[in-house]
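*Asks:* A predicted structure for the sequence below; I have some questions about it.
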Number of protein chains: 2
Amino acid sequence: MMAQSGTVDRILDAAEELFAERGFSETSLRMITRKAGVNLAAVNYHFGSKNALIHAVFARFLSPFSQIIDQELDKRMVAGKVPASVEELLIIMTSSIVRVPTCSKNGLPVFMRLLGLAYTQSQGHLRKSLESEYKQSFRRFMKVFKDATPELTSIERFWRIQFTMGAMAFTMSSSHALNDILQSDLGVTTSTDDIVTHFVPFVAAGMKASPADVGKPVAEMPDQSAQYRYQP
Amino acid sequence: MMAQSGTVDRILDAAEELFAERGFSETSLRMITRKAGVNLAAVNYHFGSKNALIHAVFARFLSPFSQIIDQELDKRMVAGKVPASVEELLIIMTSSIVRVPTCSKNGLPVFMRLLGLAYTQSQGHLRKSLESEYKQSFRRFMKVFKDATPELTSIERFWRIQFTMGAMAFTMSSSHALNDILQSDLGVTTSTDDIVTHFVPFVAAGMKASPADVGKPVAEMPDQSAQYRYQP
DNA sequence: TGTACATCAGTGAACGCGCGTTCACTGATGTAC
DNA sequence: TGTACATCAGTGAACGCGCGTTCACTGATGTAC
């Protein structure tokens, strides 16, 4: 007896949404199959295991994402505009992210929250396998980014990239909750595009800040404002 | 038959470390009690439930944290230096965080990772109850922060605070892994204080960046460098 | 055209397992008389 | 000082439950002769 067709996609859609809402361990196959309207055993039939389903969910948006990033970088190469500015690269990255979700029936917040979850959940084993799978796109972007910030030491650039990824993953992963807070406290509605518009200038300024002297102790000092003041 | 004394603390230490490593759902009471060297039933005897244990773990470091932040703000009040600068507040916050972990046997990275988990895990119900529990400290800090950034709209300030918390929670929560990468790729060792020294100028510059026009589409624009450039 | 067989998506029920929790119990310590 | 009782930290075994997974099975469709 067949249910209506598209079982695989219906499972992926339901899993994507539930994973984003609740995390991986907190989402059972029974929840997913109930939401998708398919038989419990269908997940193991089509994907083999719950873990394989998780990977399939990520592959469905990370593959187009890395393709789009590659395309965007190609475009810049052809146009011959090298090196890129920090803002351009941030815009390439965020606009690529924005263009991905057409692939699934769920929207951008779900996609972003999954991106955050990949980094924060499940002891990093998921993160590592995804990193190695999309290694070449990742390295290429980092190379261009390095050219865009020649004034930074490798160490400073490393930490600033971490701060940026953290700000993005964290914000996006809780964007639904944050929108609720904004709605009730300030009475405004914010789209994901709006978040990006706030995000780019913040990170761009941080990337260009003149670094403080590293090595001096920070804690317990009386007043170090001058040390950290941005010098344009 | 008594095991050695300090059962409650040994449970809290073990739970803290395992939660930070694996998350809440992925950590069973059997793992915790095995690591702590106590009987399985001791958790429910002393705390009542697994959920109550999670709350106790957070209370043990959030209570001293909010006390320390309050003390630091009091110090500034007495000194009469109002309003504070963004850098001062960031330093107060980061140095308060650095001073907390003496309360448990685990260090700063564990504390930071828990802070990150509280925001990203378990559907926000944990975050909400913690927010209401430490509401007054939180509000006080936000009030001072608002005075330090009068040029920002409430919405911009809200998002920039989220970006900051994200950068901090994300970086600190994976600081061990990140240090490993730094060590093997660039051959340098970095202390938590060093991270803070990188963190403060980055975030301070982001906080002071001139905001972009909100409402304009961001994706696919050719080059908006000038729009986002920091204007001192 | 008709029959036999193979393939495939999907199904329903059951499997064993690890989970959080419960409960009757132990044995040490403190208190009252 | 001695006995009876209460309190308390901790214990060992079992409880029911929901989990991911397995398996024999169904029924539709395609293919060979």
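*Replies:* Thanks, I have the structure now. Residues are numbered from 1 along each chain as shown, chains lettered A, B, ... in the order given.

*Asks:* what separates the spatially most central residue of chain A from DNA strand C, distance-wise?
*Replies:* Among the residues of chain A, the one closest to the centroid is residue A:115, at 4.0 Å (Cα atoms, centre = their mean). Remark: distance between residue A:115 and DNA strand C (Cβ to the nearest atom of the strand, to the nearest Å) = 28 Å. For the C-beta atoms, the positions are set from N, CA and C on the backbone; glycine is no exception.

*Asks:* Next: residue A:163.
*Replies:* On the measure of Cβ to the nearest atom of the strand, residue A:163 and DNA strand C end up 34 Å apart.

*Asks:* Residue A:110 too?
*Replies:* 23 Å.

*Asks:* Checking my notes, residue A:25 in a helix, right?
*Replies:* No: according to DSSP: H, G, I helix; E, B strand; the rest coil, residue A:25 belongs to no helix; its state is coil.

*Asks:* Nearest residue to it in space, please, no chain neighbours.
*Replies:* residue B:25 (4.0 Å; Cβ to Cβ, 6 or more residues apart in numbering or on different chains).

*Asks:* count of neighbours near that neighbour?
*Replies:* Using other Cβ atoms under 10 Å in any protein chain shown, residue B:25 is surrounded by 16 other residues.

*Asks:* pLDDT score for it?
*Replies:* On pLDDT, residue B:25 comes in at 92.

*Asks:* is it true that it touches residue A:27?
*Replies:* No: counting by Cβ atoms under 8 Å, residue B:25 stays clear of residue A:27, with 9.9 Å between them.

*Asks:* re earlier: for the residue nearest to residue A:25, give me the backbone phi and psi.
*Replies:* Backbone torsions of residue B:25, given as degrees, to the nearest 10, read phi -60, psi -30.

*Asks:* So for the lengthiest helix in chain A, mean pLDDT?
*Replies:* Looking only at chain A and at elements set by DSSP state H, the helix with the highest residue count is helix A:50-79. Here helix A:50-79 scores 90 as its mean pLDDT.

*Asks:* can you tell me if that helix touches DNA strand C.
*Replies:* No: Helix A:50-79 lies out of reach of DNA strand C by Cβ under 7 Å from any atom of the strand, never closer than 12.2 Å.

*Asks:* Against which helices or strands is that helix packed?
*Replies:* When contacts are defined as 3 or more Cβ pairs under 8 Å, 6 or more residues apart in numbering or on different chains; DSSP states H and E, helix A:50-79 packs onto helix A:7-22, helix A:29-36, helix A:86-99, helix A:108-120, helix A:125-133, helix A:135-148.

*Asks:* switch to 6 Å and redo it
*Replies:* helix A:7-22, helix A:86-99, helix A:135-148 (3 or more Cβ pairs under 6 Å, 6 or more residues apart in numbering or on different chains; DSSP states H and E).

*Asks:* got the angle for that helix vs helix A:135-148?
*Replies:* Counting by axes from the mean of the first three to the mean of the last three Cα atoms, to 10 degrees, helix A:50-79 points 40 degrees away from the direction of helix A:135-148.

*Asks:* so does helix A:50-79 get close to DNA strand D?
*Replies:* Yes: using Cβ under 7 Å from any atom of the strand, helix A:50-79 reaches DNA strand D at A:50, A:51.

*Asks:* For residue A:47, which non-adjacent residue is spatially closest?
*Replies:* residue A:53 (4.4 Å).

*Asks:* Would you mind listing what in chain A touches DNA strand D?
*Replies:* Going by Cβ under 7 Å from any atom of the strand, the residues of chain A near DNA strand D are A:1-2, A:27-31, A:40-41, A:43-45, A:49-51.

*Asks:* sorry, back to before: list the buried residues in the longest helix of chain A.
*Replies:* A:50, A:53-58, A:60-62, A:64-66, A:68-69, A:72-73, A:76 (16 or more other Cβ atoms under 10 Å in any protein chain shown).

*Asks:* Check stretch A:32-40 too.
*Replies:* A:32, A:33, A:35, A:36, A:38.

*Asks:* Of the residues of chain A next to DNA strand D, just the buried ones, PyMOL syntax please.
*Replies:* With 16+ other Cβ under 10 Å as the criterion, this PyMOL line picks the buried residues out of the residues of chain A next to DNA strand D:
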select buried, chain A and resi 27+29+43+50
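
*Asks:* just the residues of chain A next to DNA strand D now: which is nearest chain B?
*Replies:* residue A:27 (9.9 Å; Cβ to the nearest Cβ).

*Asks:* which ones are touching the closest one?
*Replies:* A:18, A:19 (Cβ atoms under 6 Å, 6 or more residues apart in numbering or on different chains).

*Asks:* how near is it to residue A:177?
*Replies:* 17 Å (Cβ to Cβ, to the nearest Å).

*Asks:* Could you list the residues in contact with the helix or strand containing residue A:158?
*Replies:* Residue A:158 is part of helix A:154-173, with elements assigned from DSSP states H and E. Helix A:154-173 has contacts (Cβ under 6 Å, 6+ apart) with A:112-113, A:116, A:119, A:149, A:203, A:207, A:211, B:120, B:162-163, B:166-167, B:169-171, B:186, B:198, B:202.

*Asks:* Report the buried members of those.
*Replies:* Buried among these by 16+ other Cβ under 10 Å: A:112-113, A:116, A:119, A:149, A:203, A:207, A:211, B:120, B:162-163, B:166-167, B:169-171, B:198, B:202.

*Asks:* for residue A:199, what are its contacts?
*Replies:* Taking Cβ under 6 Å, 6+ apart, one finds nothing in contact with residue A:199.

*Asks:* State the three-state secondary structure for it.
*Replies:* helix.

*Asks:* Would you point out the helix or strand in chain A whose mean pLDDT is lowest?
*Replies:* helix A:225-228 (a mean of 35; mean pLDDT, DSSP states H and E).

*Asks:* that older thread, thought residue A:24 was touching the residue nearest to residue A:25, still the case?
*Replies:* No: using Cβ atoms under 6 Å, residue B:25 makes no contact with residue A:24, being 8.8 Å away.

*Asks:* so what's residue A:84 closest to, chain neighbours aside?
*Replies:* residue A:148 (5.1 Å).

*Asks:* Residue A:86 is in contact with that neighbour, correct?
*Replies:* Yes: contact between residue A:148 and residue A:86 holds when scored by Cβ under 6 Å: they sit 5.3 Å apart.

*Asks:* Residue B:131 versus residue A:176, what's the distance?
*Replies:* From residue A:176 to residue B:131 the distance is 16 Å (Cβ to Cβ).

*Asks:* Ok, residue A:31 next?
*Replies:* 27 Å.

*Asks:* cool, residue A:87 as well?
*Replies:* 34 Å.

*Asks:* These two: who's more crowded?
*Replies:* Neighbour comparison, residue A:87 and residue B:131: the larger count goes to residue A:87, with 25 against 14 (by other Cβ under 10 Å).

*Asks:* any weak-confidence spans in chain A?
*Replies:* For chain A, residues meeting the criterion pLDDT under 70 lie at A:1-5, A:80-83, A:102-105, A:120-124, A:213-232.

*Asks:* Thank you, goodbye.
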